[in-house]
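1. Any chance you can model this:
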Amino acid sequence: MEIRFGTKQGIPADPAAPEERDARLSGSLSGTNLERAGQYNLRTVLQAIRLDQDTTRVAIARKTGLTAATIANITGRLIEMGLLRNAGRRQGGRGQPALRLQINPDGAFSIGLNVDRDHLTLVTLDLAGQVRSRVTRDIAFAMPDDVVAFVLDEMDRLIADGGVDRDRMLGVGVAIPDDLGRITLPHQPAGYHVWNEIDLTRLLAPVPWPIHRDNDAAAAALGEAEYGTGFDNPNFFYLLISAGLGGAPVIDRSYRRGATGRSGEIGLMPDPTAGVAGAIVQDTVSLSALFNRLEAAGFADMGVADLDRDDPAVVRVVEGWLADAVRSLTAPLIAIGCLLDPDAILIGGRLPAPLIDRLAAGLNTALRALALPSHAAIMPAMMAQDAPAVGAAILPFLDHILPSDSILIQSGRNQG
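-> Here you go, the predicted model:
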């Protein structure tokens, strides 16, 4: 496994196209003994240890199907690379206690940037999946220059606060909605369509690490699959409530983009329940729609943190929005349940956690009252808050360190 830390030199402008990272490893963690599949096996062993933070070489061999000699060789290399560390020997039992292995959190780092219509967020992430530092700036319809200024203003402090080693930085992941400048939301300024022509790699050229990008719902779903509920619920639909409304289907822990890369566009589905010609689900189920209602009720300039405050007038608006959100989402979620039969439907985004809980409860009640073939649990995502930014930070790990079936395919082709 070749890992290039700390520089853009020698790394292509787009280190991995989003569709190339979709072939993620399933929960089986099967290794391969193909002669030239060493990179795949390295990543598989690292993944096995990441998922079991107090494991042994014997347990890894059992889980991956690789030989004891192969495991010994790979774990030795991973320790030399600084990605693993010895954690002492297990106590008790007969014979020589087994040596425990752990991920070294400081072995690699990444940065995640979420660009949305109402905020910008930066996070740093370590190899163990822990957010080391974060910063959010509420800014309506940030222009490209605003994004660059935010990143350059906050980057050094973010890295210092997180105790991040710049020399072990894998890259910067960017999560950004599709059609950012094409889909119009309330108060969108003239000139915002400039985002349609922006090349993120060129825009972020002052950043000294490679840029990895994906849409915000996909990034949030990938993060949930890798560090959230993905192993308990390998098949799920991620519902991202932000300034707009996004979605992402995950099957066997792999995000499915669809034929044109636009799967999961739940926000753009027609909403006949709205009683307005041409209405789509996002017109009701989004933070921009909720804030629009609050503004009409005389509550302008409210922030996300104000949405669950104990003000009777605000509560009435929020209650009405929640009821309408359940109404607008019921038919789309029936379709998802009948067509995909997921283990769960997960709700994430910037909506405060108590409101996510109430929305999930309302949807569960509405759907369980219907005679459907199955009823997937609707619940908050484990990484509900800052999910796109955290998911964005996971993209460099997916592209450089975590296992992908596409690596194995390439290894197999190389043998010919």
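2. List the buried residues for the longest helix seen in the chain?
-> Longest helix in the chain by number of residues (criterion: DSSP state H): helix 312-340. Neighbour-count burial for helix 312-340 flags 314, 317-318, 321-322, 324-330, 332-333, 336-337, 340 (criterion: 16 or more other Cβ atoms under 10 Å). Any C-beta I mention is one placed from the backbone N, CA and C, and that applies to glycine too.
3. first vs last residue of stretch 296-310, how far apart are they?
-> 19 Å (Cα to Cα, to the nearest Å).
4. mind checking how far that stretch is from the chain centre?
-> 27 Å (Cα atoms, centre = their mean, to the nearest Å).
5. Please enumerate residues in contact with it?
-> 138, 287, 290-291, 294, 313-314, 317-318, 350-352, 354-355 (Cβ atoms under 8 Å, 6 or more residues apart in numbering).
6. go with 7 Å
-> For stretch 296-310, the surrounding residues in contact (Cβ atoms under 7 Å, 6 or more residues apart in numbering) are 138, 291, 294, 313-314, 317-318, 350, 352, 354-355.
7. and the helix or strand containing residue 247, average pLDDT?
-> Assigned by DSSP states H and E, residue 247 belongs to strand 245-251. For strand 245-251, the mean per-residue pLDDT is 95.
8. Which stretches in the stretch 151-300 of the chain count as strands?
-> Taking DSSP state E, counting those that start in this stretch to define them, one finds strands in the stretch 151-300 of the chain at 169-175, 211-214, 236-241, 245-251, 254-255.
9. Now mean neighbour count and distance to residue 378 too, for those strands, in TSV please.
-> TSV is the format used below for the strands of the stretch 151-300 of the chain (neighbours: other Cβ atoms under 10 Å; distance: least, Cβ to Cβ, whole Å):
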stretch	mean neighbour count	distance to residue 378
strand 169-175	27	23
strand 211-214	27	24
strand 236-241	30	9
strand 245-251	25	13
strand 254-255	23	19
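10. of all those, which lies closest to residue 376?
-> Between residue 376 and the strands of the stretch 151-300 of the chain, the shortest separation by Cβ to Cβ is 7.9 Å, and it involves strand 236-241.
11. helices or strands up against the closest one?
-> helix 216-227, strand 245-251, strand 344-349 (3 or more Cβ pairs under 7 Å, 6 or more residues apart in numbering; DSSP states H and E).
12. go again using 10 Å as the cut-off
-> helix 216-227, strand 245-251, helix 287-296, helix 312-340, strand 344-349, helix 353-368, strand 377-380, helix 387-400 (3 or more Cβ pairs under 10 Å, 6 or more residues apart in numbering; DSSP states H and E).
13. right, and these - which one's nearest residue 235?
-> For residue 235, the closest of those is strand 245-251, at 5.4 Å, according to Cβ to Cβ.
14. Each with direction, which strands does that closest one pair with?
-> Sheet pairing for strand 245-251, assigned by DSSP bridges, gives strand 236-241 (antiparallel), strand 254-255 (antiparallel).
15. Mind putting those into JSON lines with mean pLDDT and distance to residue 40?
-> Output for those, formatted as JSON lines (pLDDT from 0 to 100; distance: least, Cβ to Cβ, whole Å):
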{"stretch": "strand 236-241", "mean pLDDT": "96", "distance to residue 40": "25"}
{"stretch": "strand 254-255", "mean pLDDT": "86", "distance to residue 40": "16"}
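16. Make CSV out of these and add distance to residue 165.
-> Output for the strands paired with strand 245-251, formatted as CSV (distance: least, Cβ to Cβ, whole Å):
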stretch, distance to residue 165
strand 236-241, 31
strand 254-255, 29
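17. Which residue, neighbours along the chain excluded, lies closest to residue 290?
-> Nearest residue to residue 290, sequence neighbours excluded (Cβ to Cβ, 6 or more residues apart in numbering): residue 321, at 5.0 Å.
18. In terms of pLDDT, where does the one you found sit?
-> For residue 321, the pLDDT comes out at 98.
19. picking that back up, would you reformat the helices and strands packed on strand 236-241 as TSV and include distance to residue 122?
-> Shown next, in TSV, are the helices and strands packed on strand 236-241 (distance: least, Cβ to Cβ, whole Å):
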stretch	distance to residue 122
helix 216-227	14
strand 245-251	20
helix 287-296	20
helix 312-340	29
strand 344-349	17
helix 353-368	21
strand 377-380	23
helix 387-400	7
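20. so which of the ones you listed gets nearest residue 127?
-> Nearest to residue 127, of all these, is helix 387-400, at 7.4 Å by Cβ to Cβ.
21. what about that closest one, average pLDDT?
-> Mean pLDDT, helix 387-400: 92.
22. Kindly export it (C-alpha atoms) in PDB.
-> The C-alpha trace of helix 387-400 is given here as PDB (Å, rounded to 0.1, in the frame of the first residue of the first chain):
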ATOM      1  CA  ALA A 387     -22.200  14.300   8.700                       C
ATOM      2  CA  PRO A 388     -21.300  15.700   5.200                       C
ATOM      3  CA  ALA A 389     -18.100  17.300   6.600                       C
ATOM      4  CA  VAL A 390     -17.100  14.100   8.500                       C
ATOM      5  CA  GLY A 391     -18.000  12.000   5.400                       C
ATOM      6  CA  ALA A 392     -15.900  14.300   3.300                       C
ATOM      7  CA  ALA A 393     -12.900  13.700   5.600                       C
ATOM      8  CA  ILE A 394     -13.400  10.000   5.100                       C
ATOM      9  CA  LEU A 395     -13.000  10.300   1.400                       C
ATOM     10  CA  PRO A 396      -9.100  10.400   1.500                       C
ATOM     11  CA  PHE A 397      -9.100   7.300   3.700                       C
ATOM     12  CA  LEU A 398     -11.400   5.500   1.200                       C
ATOM     13  CA  ASP A 399      -9.200   6.500  -1.700                       C
ATOM     14  CA  HIS A 400      -5.800   5.700   0.000                       C
END
